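Q: sequence and predicted model, in that order:
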Amino acid sequence: MKERFSLYLNLIRWDRPAGWLLLLWPTLGALWLAAGGFPGWHLLTVFTLGTILMRSAGCCINDVADVDFDRHVKRTAQRPVTSGAVSTREALAVGAVLALLAFGLVLSCNALTIALSFAALAVTLIYPYAKRHVSMPQAVLGVAFSFGIPMAFAAVRGGSEVSLAALQAAVPWQAWALMLGNLFWVLAYDTEYAMVDRDDDLKIGMKTSAITLGRFDVAAILCFYVLYLAVTTVVLASLGRAGLWWGLALAAALVQVAWHARLIWHRTREGCFRAFRENHWLGFGVFLGIAL
C-alpha cells in the first residue's frame, strides 16, 4: 500500500506544486475582487482544495491520454502510467475519485457555481486531446486553467437561480476580461514548457504552440506576458483598484518578465523549464497586488 500510494503521489505530481499554484493564484485574485476583500474561510477553503484536487485529477487524465506520446519524450518517459507502474484503468480511477472530491466541495456553493463547474470539467477533459488537432492547444489549456475566475465570481455573487440573467448579474465583464488576461498568461508559461520538449514533439507529430510559433516563440511569449498584465491592469482600473499596491506589483511582475526573457532567450531546455517552473512567483505577486 505504501508503494502504491507513492506511485499515486507521483502520478498527480505532488512533488511539483507549481502546477496547482499556477491555477490557484488567479482564482484567489478573482475571489478577492468579487468579494471586495477577504472572501471568507469557506470559499477560500473550497477553491484552494478544489484547485489542488482538480489539477491532480487533470494529471491523471492527461497521462492516460498521452501515454503513447510520452514514451517518446525524454522528460515524460518514466511517468507512472507511461512506464507501466500504474495501469490506465487505475489512473482513471484515481482521477475520478479526486474529481468527485472536488465536486463535493463545489456542492457546498450556490447553484450557479455548480453549473459552471460542469463547463470547467468539460474543458478539462477536452484539453488532453486538443494536442492532436489544435495548432495552439495551450489556448484550450488557458480556458481550463482560467475557469476558476468566473466560478469565483459566481460563488461570491451568485444564488440559487441558474439562468443567463443570473450569470450576467453575478459574473460581470471584468471577470471574463480577467479570464482572457489569464489565458494570455497560460499561453506564455505553457509555451515555455512546450519549448522544453519541442524536438521530441516534432518527431512524434504532437501539436504545440512552441512548434506553431517557430522562431517567433520568444517574442510571442513576451507579448503574452504584457497582454496578461495589461488586461489585469485595465480590469483593476475599472474597479478603482489600480492604486499604489498594484503599481508596485506590476513593476515587480515586469521585472520577472524581463528575467524570463533572459532565461528563454537561447531556447535551452534548462532555461525554458526553469522559466516555466518559476511562473508561480509571478502569479503570486499579481495576486498579492490585487489583495493589498
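A: Nice, I can see it. Computed from a predicted structure; not experimentally measured. Numbers count the residues shown, from 1 in each chain.
Q: how about residue 241, what does it touch?
A: Residue 241 makes contact with 33, 290 under the criterion C-beta atoms under 8 Å, 6 or more residues apart in numbering. C-beta here means a position set from N, CA and C on the backbone, and glycine is covered the same way.
Q: oh, that last question was meant for residue 172, not what I typed.
A: residue 153.
Q: same check, this time on the one 4 residues further on
A: Shown in contact with residue 176 (C-beta under 8 Å, 6+ apart): residue 150.
Q: can you give me the pLDDT of it?
A: At residue 176 the predicted local confidence, pLDDT, stands at 97.
Q: so which residue is dead centre in this protein?
A: For the chain, residue 145 is the residue whose C-alpha lies nearest the centre (C-alpha atoms, centre = their mean; 3.2 Å).
Q: if I look at it, how far off is residue 182?
A: Here residue 145 is placed at a distance of 7 Å from residue 182 (C-beta to C-beta, to the nearest Å).
Q: Three-state assignment for residue 108, please.
A: When the structure is split into helix, strand and coil by DSSP: H, G, I helix; E, B strand; the rest coil, residue 108 lands in coil.
Q: neighbours of it, just the number please.
A: Residue neighbour count, defined by other C-beta atoms under 10 Å, stands at 13 for residue 108.
Q: I figured it hits residue 42, correct?
A: Yes - the pair residue 108 and residue 42 qualifies as a contact (C-beta atoms under 8 Å) at a distance of 7.2 Å.
Q: still on that earlier bit, show me the common contact partners of residue 145 and residue 182, please.
A: Shared between the contact lists of residue 145 and residue 182 (criterion: C-beta under 8 Å, 6+ apart) are residues residue 26.
Q: check which helix or strand residue 211 maps to.
A: Assignment of secondary structure by DSSP states H and E places residue 211 within helix 209-213.
Q: what is that helix packed up against?
A: Based on contacts counted as 3 or more C-beta pairs under 8 Å, 6 or more residues apart in numbering; DSSP states H and E, the elements that helix 209-213 packs against are helix 137-146, helix 173-196, helix 198-204, helix 217-238.
Q: could you rerun that using 7 Å?
A: helix 173-196, helix 198-204 (3 or more C-beta pairs under 7 Å, 6 or more residues apart in numbering; DSSP states H and E).
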